[in-house]
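In: I'd like to go over a predicted model; first the sequence, then the structure.
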Amino acid sequence: MNFLSKITGSFSTPSAGNPTVAMVEAAYKHHGLDFRYLNCEVLPKDLAAAVMGARAMNWVGFNCSLPHKVEVIQYLDGLGESAALMGAVNCVVLRDGKYIGENTDGKGFLQSLKAVVSPSGKNVALLGAGGAARAIAVELALENVSRITIVNRDQKRGESLVDLLNSKTKSKAEFKLWNSKYEVPSDVDILVNATSIGMAPDIDARINIDINSIKAEVVVADVIVNPPMTNLLKDAQSKGCKIVDGLGMVINQAVLGIKYWTGEVVDPVVMRKRLLEVL
Ligand code: NDP
């Protein structure tokens, strides 16, 4: 790295590791981009200082992971459309000297989904109402899906997402309390798991859903990155459904972040290979 290399990175709280670093750096290297991606462990109390530091050092952008996705907004100069709707930012971009907050979580998911099915006009059942579900629901709504059913244990969280979708987008949303085995309605076209069920190390956990209610025509997607092949996806595949794994989502959002920061469209195959090596 020479002195003029451009700095990008991630503000996350102390974690066991950040596979995004290896994936993004692999793309920079492959394409000969004179950029670096640094993972910085930032405690919530230090977030304002960290953003000031990034400004002082002319970072061209950075990712924010939990718990900074909402708090960071007050330190930025503006927001992209979906980030404003969601009230959450995972990717900050330096544009004309201003830090603009974007949300690439849902956009990355949408790109993966679109490789298999066009969501416009479709009925979607979305399991979960946390950060990932919120990002996915807003992007699906902006893509003009016909109906989104938010299926969640916590009623308040689920209804707050439904209210957001109904008040701020043209898509119709409804809430289904998840307190028993979920039967997927016969008019559902796309089923998405946006909960953390099935994520390592709890890979044997089963989602409380009636697998027999999923028809072969339904496209089934999962946000879990590790392992990419969850029990839900295995079950769906055995029923003949098309499936979409969480790896595509995480790779596509990194591709988009790099495009925002560097202007370059990088090769997702290189990133997927490196991600699988480090997972
Ligand atoms: P949150 O903590 O914000 O939300 C978790 C959601 O999962 C909530 O809706 C919660 O329900 C639900 N949930 C958790 N356990 C259960 C359970 N046993 N039964 C029913 N519902 C449950 O997390 P995030 O939304 O940030 O992340 C969710 C998953 O998405 C994680 O595994 C994360 O790694 C993954 N992710 C993947 C990305 C990718 O690029 N592939 C990007 C971002 C996240 P309740 O509200 O009732 O508590």
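Out: Thanks, I have the structure now.
In: Spell out which parts of the stretch 151-279 of the chain neighbour the ligand.
Out: 152-154, 157, 195-197, 199, 223-225, 246, 249-250, 253 (C-beta under 6 Å from any ligand atom). C-beta here means a position set from N, CA and C on the backbone, and glycine is covered the same way.
In: so how far is stretch 169-182 off the chain centroid?
Out: Offset of stretch 169-182 from its chain centre (C-alpha atoms, centre = their mean, to the nearest Å): 20 Å.
In: Please identify which pair of the residues of the stretch 151-279 of the chain next to the ligand lies farthest apart.
Out: Using C-beta to C-beta, those span at most 26.1 Å, a distance reached by 153 and 253.
In: Would you map the strands across the stretch 51-200 of the chain?
Out: Using DSSP state E, counting those that start in this stretch, the strands of the stretch 51-200 of the chain run over 61-64, 78-79, 91-95, 98-102, 123-127, 147-152, 172-177, 190-193.
In: Residues contacting the second one, please?
Out: Which is strand 78-79. 73, 89, 98, 99, 100, 101, 102 (C-beta atoms under 8 Å, 6 or more residues apart in numbering).
In: Excluding residues flanking it in the chain, which one is nearest the third one?
Out: I take that to be residue 98. residue 77 (3.8 Å; C-beta to C-beta, 6 or more residues apart in numbering).
In: Run a quick neighbour tally on the one you found.
Out: 14 (other C-beta atoms under 10 Å).
In: so it makes contact with residue 99?
Out: Yes: counting by C-beta atoms under 8 Å, residue 99 is a contact partner of residue 77 at 5.2 Å.
In: thinking again about what came up before, can you put the strands of the stretch 51-200 of the chain in TSV and add mean neighbour count?
Out: TSV is the format used below for those (neighbours: other C-beta atoms under 10 Å):
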stretch	mean neighbour count
strand 61-64	26
strand 78-79	15
strand 91-95	22
strand 98-102	19
strand 123-127	24
strand 147-152	24
strand 172-177	17
strand 190-193	25
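In: Residue 29: which of those strands is closest?
Out: Comparing the strands of the stretch 51-200 of the chain against residue 29 with C-beta to C-beta, the closest turns out to be strand 61-64 (18.3 Å).
In: distance of the nearest residue to residue 72 once chain neighbours are set aside from residue 233?
Out: Spatial nearest neighbour of residue 72, chain neighbours left out: residue 64 (5.0 Å); criterion: C-beta to C-beta, 6+ apart. Plainly put, residue 64 is 28 Å away from residue 233 if you go by C-beta to C-beta, to the nearest Å.
In: now do residue 216
Out: 14 Å.
In: the more surrounded of the two?
Out: Between residue 216 and residue 233, counted using other C-beta under 10 Å, the more crowded position is residue 233 (22 against 9).
In: quick check: mean pLDDT across stretch 189-208?
Out: When pLDDT is averaged over stretch 189-208, the result is 94.
In: If you could redo that for stretch 134-151, that was the one I meant.
Out: Stretch 134-151 comes out at a mean pLDDT of 96.
In: How about stretch 106-120?
Out: If you average the pLDDT values across stretch 106-120, you get 96.
In: Could I get the buried residue list for that stretch?
Out: Under the neighbour-count criterion of 16 or more other C-beta atoms under 10 Å, stretch 106-120 has 106, 107, 108, 109, 110, 111, 112, 113, 119 buried.
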